[in-house]
Every structure is written in structure tokens, then in C-alpha cells.
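S.K.: attaching a predicted model along with its sequence, questions to come.
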Amino acid sequence: DIQMTQSPSSLSASVGDRVTITCRASQGISDSLAWYQQKPGKAPYLLLYDTSRLQSGVPIRFSGSRSGTDYTLTISGLQPEDFATFYCQQYYIKPITFGQGTRLEMK
Amino acid sequence: QVQLLQSGAEVKNPGASVKVSCKASDYTFSRFGISWLRQAPGQGLEWLGWITPYNGNTNYAQKFQGRVTMTTDTSTTTAYMDLRSLRSDDTAVYFCARVSTHGFYFDFWGQGTLVTVSS
């Protein structure tokens, strides 16, 4: 199975900050990576797919990129509604696997 | 607007089975796969498997092989997930999710169903 190592596990930031979250894949996944946002008691919500493609309706302050086997989610200009837990997911090979999650908290 | 509406919370004894439903609406049900995932309390996301409503083909994560069955009823646009021989560590919120036709990621999710396994 492909292991997705996500960091940091938690992060404190303020409104207006720029934050980055990283997932490292245990092997190449050919940009088959998605990012989700999850708020307490709710289902995950798709933000990006194919590493950097924005899902319809998602604000452009969310972006994604890759360097080697490291995949990064960047939020530029945090808004109050952005504080949540974020997960990466690889879909290159089944079984589908997720990172452990990053909890983004307000400082 | 695409919707996936799941059945309500369940409490089961160890060793029992649970069947969760997922009613899809506002899209062509047969064109999109449905995956099932779960999230134990305070934990991350775990994929159980998926089904293609068009032909009923399934693919289960090895961990759940022999214990899970996924089915669909195209006449009611409903997907089902049956998990047997429940253990306390099966306590989790179970989600259904629509699989994008572009890649194996999940573009719409059900609201989740809490399954509690306790004696």
C-alpha cells in the first residue's frame, strides 16, 4: 500500500496568514492526489484534485503543487471559514490511502 | 444539486451485522461509482471499497475482504454497505462518496452514519 505521510499534524495561524501543508508519498503517484477539508461533524469536502486542479466553487486562495514526491496544499490569505482539518488522498493505486490529517487552528 | 443521503445511526452488539444505505439524487446514478469510507472517533479516513452501479462490479480493500458487501439498487438509486462480524474497533462514522469520472477521488459525500459497536 502507498503510505501518505502528512505534516504537520497541527498548525496554528491567524486570519490573513499563508499556510502550507505537505504530504509525502512512499512511492511515485503521478500527481494522482486530492486534498479535502473537513469541519467537525461534517463530511470531507473536495478542494483540489490532480495535485493542483481546483474543484468547482473552491476559492482561488487554495492551491496545490508538487516537488518530487512531496505534495503541498497552500492557503493564501486565511479566512475564518478555513479553520478545519485537511487530508490528502492518493488515487494512483488501490487501496486508496489518506494522510493522517492536519488540524488548522486559529492562533 | 447532487445529494447522497445516508441512513441513520446504528448501535450493534459485537458479532452482529449492519447495513447502511446511501440514497443518491440529482445525477445519473449508473454513471458514477460509489465508494464507502469510514472514520473512527478522532481518527483519519479509511477506504473500504467501491461499487460501479452500472454492472455491480465491486473492489474491496483487502482488510475488509470477506466481511463487507456493497450493493446497489438502480431502480431506487440507492447504494448499500453491509459489514458483518462487527467488533468494537468498527465503531466509526461511515461515509458513502461519489467517485469522479475523471479520477478515483470523491467529489460528493454523504453526511455520514455513526455505527457504534458495543455490548
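M.R.: Structure received.
S.K.: neighbours of the nearest residue to B:Thr71 once chain neighbours are set aside, how many?
M.R.: The spatially closest residue to B:Thr71, leaving aside those adjacent along the chain, is B:Tyr80, at 4.8 Å (C-beta to C-beta, 6 or more residues apart in numbering or on different chains). (C-beta placed from N, C-alpha, C; glycine too.) By the measure other C-beta atoms under 10 Å in any protein chain shown, the count of residues near B:Tyr80 is 18.
S.K.: please apply the same query to A:Gly64.
M.R.: The burial count for A:Gly64: 23, using other C-beta under 10 Å.
S.K.: circling back to that earlier point, is it fair to say the residue nearest to B:Thr71 lies in a strand?
M.R.: Yes. Read with DSSP: H, G, I helix; E, B strand; the rest coil, B:Tyr80 is one of the residues of a strand.
S.K.: ranges for the strands of chain B?
M.R.: With DSSP state E as the criterion, chain B has strands at B:3-6, B:10-12, B:18-25, B:34-39, B:45-52, B:57-60, B:68-73, B:78-83, B:92-99, B:106-109, B:113-117.
S.K.: tell me the pLDDT at the most centrally placed residue in chain B?
M.R.: Ranked by distance to the mean C-alpha position of chain B (C-alpha atoms, centre = their mean), the top residue is B:Trp36 at 3.2 Å. B:Trp36 carries a pLDDT score of 98 in this model.
S.K.: same check, this time on the one 5 residues further on
M.R.: Predicted confidence (pLDDT) for B:Pro41: 97.
S.K.: and it, how close does it get to chain A?
M.R.: Summarising the geometry, the distance separating B:Pro41 from chain A, computed by C-beta to the nearest C-beta, to the nearest Å, is 12 Å.
S.K.: who's in contact with B:Val68?
M.R.: With contacts defined as C-beta atoms under 8 Å, 6 or more residues apart in numbering or on different chains, the neighbours of B:Val68 are B:36, B:48-49, B:60, B:81-84.
S.K.: okay, and the beta partners of it?
M.R.: Beta bridges link B:Val68 to B:Leu83 when assigned by DSSP bridges.
S.K.: give me the phi and psi for the spatially most central residue of chain A.
M.R.: By C-alpha atoms, centre = their mean, chain A has its centre lying nearest to A:Trp35, at 4.0 Å. In terms of degrees, to the nearest 10, the main-chain angles of A:Trp35 are phi -120, psi 140.
S.K.: tell me the bridge partners for it.
M.R.: With DSSP bridges as the criterion, A:Trp35 is bridged to A:Leu48, A:Cys88.
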